[in-house]
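> My questions concern the predicted model and sequence given below.
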Amino acid sequence: MIKEREPALERMSVVVQVIWTVICYYFIIWISGIVSINNFFKIKEHLIIAFIMIPVWFTLFELFEMGKMARIQRYRNILKKYFIAISIGSLIFLFLSELFDYQMFSANIIIQFAILNFFVLSIQKIAGRMILRQFRKRGYNARIILIIAEESTIPFIRQIIETPEWGYRIWGIITDSESVKKEFENMFYIYPETSDFPRLLDESIIDEVFFCKDEFNTSRI
C-alpha cells in the first residue's frame, strides 16, 4: 500500500524534483547557446555548477519538505515554499558564478532558470496532488485518525467527512463535549478525555492523532 511506502516515496519525490531542476538548468543554458552537443565536455564550468547544484537543491527540498504528500496543505503554501527554496538556490548559483568568475552564467540566465524551475516543479507537484486526491477519493492511501475534539472542532470534523480526497478516515473521537457526542456518536467511537490514551493507541490501528482544541496546553499534549 502507498501508506506504508510513503517515506520512500517522499524521498523519491525529492530526487525526481532535483532531476527536473537539472533538466531545467541544462535546457536554459542550451537554448542560450552556452552548451551544445559539440562542446558539452569541453566546457567544464556547467558541469561544476551542476555537480554543486544537485546536493544544494536536494537539501533545500528536504528542508522545505517538498517531498511530503501533503493532504490538506493549500496550493499557495506549496508555491510559496518553492519560491523561497528556488530563490535561495538561485542566489547560491549566482554566488558561485561570481566566486569562480563564470561570466557565461549571467544574472539573466539564472533568473530564466529560476522561473522555469519554479513553473516546472509547481506543475508537477500540483498534477501529482490531483492524481493522489483521486486515489484517496476512491479509498486508497487512507490514513486512520483519532481526533481529540471539543465543540469548536465540529466544522472541521464535518469537513473531513465531506472531503474524502484528503484521505483521512476517522476511527474515533476523544471528547467531553456533549455537542460532539450528540452529532457523531452514531458514526464513530467516542471516548471521554479520562480514557487511557496510551492503551487506546496500543490496542487500535491509528496512523495519526489530531489535537483539535482551542486551548493549546503543551504539557498536557
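In hand now; what should we look at? Numbers count the residues shown, from 1 in each chain.
> Give me the pLDDT value at E6.
Predicted confidence (pLDDT) for E6: 70.
> ok, it - how many residues close by?
17 (other CB atoms under 10 Å). For the C-beta atoms, the positions are set from N, CA and C on the backbone; glycine is no exception.
> Helix, strand, or coil at it?
Here E6 is helix, with the state taken from DSSP: H, G, I helix; E, B strand; the rest coil.
> and the residue sitting furthest away from the middle of the chain, which of the three is it?
Most distant from the centre of the chain: N38, at 39.1 Å, with distances by CA atoms, centre = their mean. Secondary structure state of N38, per three-state DSSP, is coil.
> Work out for me the element D202 sits within.
Using DSSP states H and E, D202 sits in helix 197-203.
> does L94 really touch N108, like I thought?
No. At 10.9 Å, L94 and N108 do not qualify as touching, with contact defined as CB atoms under 8 Å.
> higher neighbour count, these two?
Counting neighbours by other CB under 10 Å for L94 and for N108 shows that L94 has the greater number, 17 against 9.
> Could you find the closest non-adjacent residue to that one?
Nearest non-adjacent residue to L94, counting by CB to CB, 6 or more residues apart in numbering: I110, 5.3 Å away.
> W30 against N39, yeah?
No. Between W30 and N39 there is no contact under CB under 8 Å: 10.9 Å.
> any idea which helix or strand of the protein has the worst average confidence?
helix 197-203 (a mean of 85; mean pLDDT, DSSP states H and E).
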